Structure formats: C-alpha cells, structure tokens
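Colleague: Quick check, what structure comes out for this input:
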Amino acid sequence: MKNSFFKEIIYSSSNEDSESERRVLKIIPSDIVLCITGSGARSLDLLVDSPKKIISIDFNEAQNHLLELKIAAYKELNYDELISFLGVNPSTERLHVFRKLKSHLSQKALDFWLENLHFVGEGVLYCGKWEKILHRMLRISSFRSKTIKKLMNATSLDEQREIWTKRWDNLIWRSFLKIISNRFLWIYIVREPGAKLISKDFNVYSYMKHRLDHLANNFQISENHYANLLFNGYYSNSCNLPHHLRRENFEIVKTNIGKIEVVTSGLSEFLQNKKDEISAFSLSDFSSYAGEDIYDSIWEKIIYAASDNAKFCERFFLVKKNPEKTFNAIRRNHSFEEKLLHEDQTAIYSFCAGTINKTVR
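Modeller: Modelled structure (predicted):
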C-alpha cells in the first residue's frame with residue numbers, strides 16, 4: 001500500500017457524514033476509540049461525544065501532519081479565527097496565524113508545512129489531491145454553472161428533484177459519469193492504487209449513478225456539506241458543516257482536543273500490541289486500499305485489540321467485503337447498515353457495522 005501516492009495529502013476536508021459513525025459507536029466517556037485519520041475530520045467529529053481517548057492512525061504521514069495542524073488551530077484560536085484559518089471563510093491572515101501555531105507542531109509536521117506554505121495560505125481544507133480533482137472537474141463543467149446554481153438555490157426537496165430530473169440528469173451528465181467511472185482513468189491517469197482492487201464485475205457507473213440520484217432525491221444539496229464539495233468545490237455559508245466545524249461544538253472539541261493521539265503506522269503493526277484495549281473502531285473505507293490477505297490480516301488484529309463487545313463502523317465505497325464470513329467474532333447489524341445506507345448524507349457508501357464478540361471464535 002505504501003507508494004508515492006500516499007506521501008501527499010489525499011483528503012483534506014470531510015468526505016464522510018460522521019453522524020453515521022456517531023450513531024453506530026454511541027461513544028461513552030470510558031471509550032478508547034481507534035479512528036483512521038484521513039482528513040482528520042472524523043477524529044475531530046468524534047470528540048463531540050467526549051471519549052476517554054481517540055487514537056488517530058494513518059500510514060500516510062502527510063494526513064497526520066494535516067491533523068496536527070488542525071489540532072494546533074483548536075489549541076490556539078477562537079472559533080472565528082479557526083474557520084477562517086482552515087478555509088471555511090476567506091482570509092488574508094493565514095500565514096500570520098500559522099506563526100502562532102508552530103510551537104504546537106511536531107518537528108516533522110512543522111517541516112512539512114514550512115515546505116507547503118502555499119497550502120496554508122489557500123486554506124488547508126481544500127489542499128488535498130481529492131479536493132483538487134473536484135476543482136478540476138468543476139472547471140470542466142463550468143458550462144453547467146447555471147443549473148448548479150439552481151440546485152443550490154432550490155428551496156425544497158421537490159423543487160430540487162425536479163431540477164435534477166429535468167435539467168441535470170441528461171446525456172451530458174451520464175456521459176461525464178461514465179468517463180469518471182472508467183478504471184483506466186483512475187489507474188493510469190490519476191494513479192489511484194485502490195482502483196485495481198475494484199472487482200471487474202462491479203459496475204462503477206451504475207453504482208455511482210444510483211447513489212448520486214439517491215443523494216439528489218433525499219438530501220437538500222444546499223445544506224449537505226459533501227454535496228457542497230461536489231457541486232461548489234467548497235463549503236457554502238448555508239450548508240451544515242461537519243460536526244467539528246460547527247460553532248455550537250467548538251468549545252467541546254477545544255476542551256477535548258488533547259484526547260487525540262496521532263499515530264503514523266499501519267493498522268496491523270500498531271494493533272498487535274494492543275490486546276483487548278480498544279472499545280470502538282471508526283475504520284473509514286480501508287478496504288479500498290487493502291488486498292484480500294491484507295484486509296483479513298487487519299481484521300484479525302482489530303479483533304485481537306478489541307475489548308469484548310467493542311463497537312465498529314467500517315465504510316465500503318467501491319470495494320465491498322464480508323469479513324464476518326472469515327471471522328465469527330464479527331456481529332454485523334444488517335438492519336442498521338441498511339438504515340445507514342439510506343440516511344448517510346454522503347450517499348456513496350455502504351456499511352459494515354456492529355460489535356465484536358470475543359467469546360466466539
């Protein structure tokens with residue numbers, strides 16, 4: 001899994017709806033939570049529920065440097081300063097603010113950001129490779145800007161559905177979806193290593209078409225932070241921000257910010273020394289980057305490190321798995337997974353959620 005693709009920031013904003021993880025994990029003050037870092041958004045979102053500790057882990061050191069910078073911002077700034085520094089609001093003071101944060105960063109993180117000050121100046125929420133790809137796609141689709149504006153300005157779901165059906169979902173949109181669903185593009189142009197793991201029998205276009213139709217027909221795009229990224233390339237003032245960026249959650253996140261331990265490691269290597277220690281797992285979609293043997297090895301270590309009846313939430317994007325067929329300890333809640341499939345506001349993910357019964361082998 002470790003190649004040049006993972007030496008840069010891939011995700012910098014929230015491309016998941018952390019409310020789903022919060023509903024699955026039902027975090028209590030005694031919980032020790034393991035969370036894959038990614039953009040750092042879920043690790044920060046889960047602080048809203050005041051766990052004992054969050055271990056935020058990623059083998060991509062750049063993602064952890066991003067989380068370190070976000071943590072430093074919470075330690076030093078007030079709410080309005082924070083969201084301006086990160087990029088929600090415009091600012092010309094970010095490089096000046098960065099000087100206040102340097103003392104809170106590890107030497108490796110500081111060196112990284114000193115080499116990438118242009119990202120700081122632009123607002124780090126949108127510095128990831130994925131976010132840059134979205135921006136390029138939006139430039140290509142600029143001729144549809146009027147329709148995008150209509151979707152964003154729709155005052156009801158009924159109005160939005162009508163615009164989507166009659167004005168957006170046409171031959172141009174379907175052709176565009178087919179192009180960006182093409183494996184050749186992602187393997188050889190974007191060089192996304194996870195694309196090689198998608199089953200050849202899996203129809204990426206049909207899946208994405210179905211899930212994006214679901215998003216447009218069930219969630220107000222103007223209020224949905226993920227839809228804002230897709231159609232605007234940034235969070236608008238009218239959207240519901242990720243939990244950690246909401247004003248009403250700022251103080252509790254700031255109070256709990258010291259509970260995050262940032263770890264750069266592979267999951268298997270880290271978990272092999274954590275027998276029975278972890279009570280909740282927020283696993284994102286690690287299956288997108290793990291071949292069959294690696295995937296099973298990671299789940300074996302998750303079970304080893306889990307306390308009895310530990311809770312877990314794993315997302316599936318284009319690579320779907322059934323770990324319970326290999327490990328009897330996994331107790332999936334299929335009815336709840338189905339509910340999350342319909343209610344998660346990012347729409348593109350399915351779920352593997354439940355508990356780990358250590359007494360069953």
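Colleague: can you pull out the strands in this structure?
Modeller: According to DSSP state E, the chain carries its strands in the segments 32-36, 53-58, 260-264, 278-282, 306-316, 330-332, 350-356.
Colleague: okay, and for the stretch 151-300 of the chain, where does confidence drop off?
Modeller: 188-190 (pLDDT under 70).
Colleague: ok so, going back, put together CSV for the strands of the chain, with distance to Asp201 and mean neighbour count on each row.
Modeller: Where you see a C-beta, it was placed from the backbone N, CA and C, and this is true even at glycine. Listed next are the strands of the chain as CSV, based on distance: least, CB to CB, whole Å; neighbours: other CB atoms under 10 Å:
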stretch, distance to Asp201, mean neighbour count
strand 32-36, 27, 25
strand 53-58, 30, 24
strand 260-264, 35, 18
strand 278-282, 29, 25
strand 306-316, 15, 22
strand 330-332, 22, 18
strand 350-356, 16, 21
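Colleague: Looking at those, spot the one closest to Arg247.
Modeller: Closest of those to Arg247 is strand 260-264, at 20.5 Å (criterion: CB to CB).
Colleague: quick check: mean pLDDT across stretch 94-108?
Modeller: Stretch 94-108 shows a mean pLDDT of 98.
Colleague: repeat for stretch 129-141
Modeller: On average, stretch 129-141 scores 87.
Colleague: Residues touching it, excluding its own?
Modeller: 8-13, 15, 125-126, 148, 176, 180, 190, 229-233 (CB atoms under 8 Å, 6 or more residues apart in numbering).
Colleague: Can I get the buried part of those as one ChimeraX selection?
Modeller: A single ChimeraX command selects the buried members of the contacts of stretch 129-141 (16 or more other CB atoms under 10 Å):
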select :9,10,11,12,13,15,125,126,148,229,230,231,232,233
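Colleague: Filter the contacts of stretch 129-141 down to just the ones in helices.
Modeller: 148, 176, 180, 229-231 (DSSP state H).
Colleague: Mind putting those residues into JSON lines with distance to Lys301?
Modeller: Shown next, in JSON lines, are the ones in helices among the contacts of stretch 129-141 (distance: CB to CB, whole Å):
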{"residue": "Ile148", "distance to Lys301": "44"}
{"residue": "Phe176", "distance to Lys301": "40"}
{"residue": "Ile180", "distance to Lys301": "34"}
{"residue": "Leu229", "distance to Lys301": "32"}
{"residue": "Leu230", "distance to Lys301": "34"}
{"residue": "Phe231", "distance to Lys301": "39"}
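Colleague: what residues are up against the closest residue to Glu8 other than its chain neighbours?
Modeller: Distance criterion CB to CB, 6 or more residues apart in numbering; nearest residue to Glu8, sequence neighbours excluded, is Ala62 at 5.5 Å. Going by CB under 8 Å, 6+ apart, Ala62 touches 6-10, 112.
Colleague: And for Ile32?
Modeller: With the criterion set at CB under 8 Å, 6+ apart, Ile32 makes contact with 51-53, 55, 277-280.
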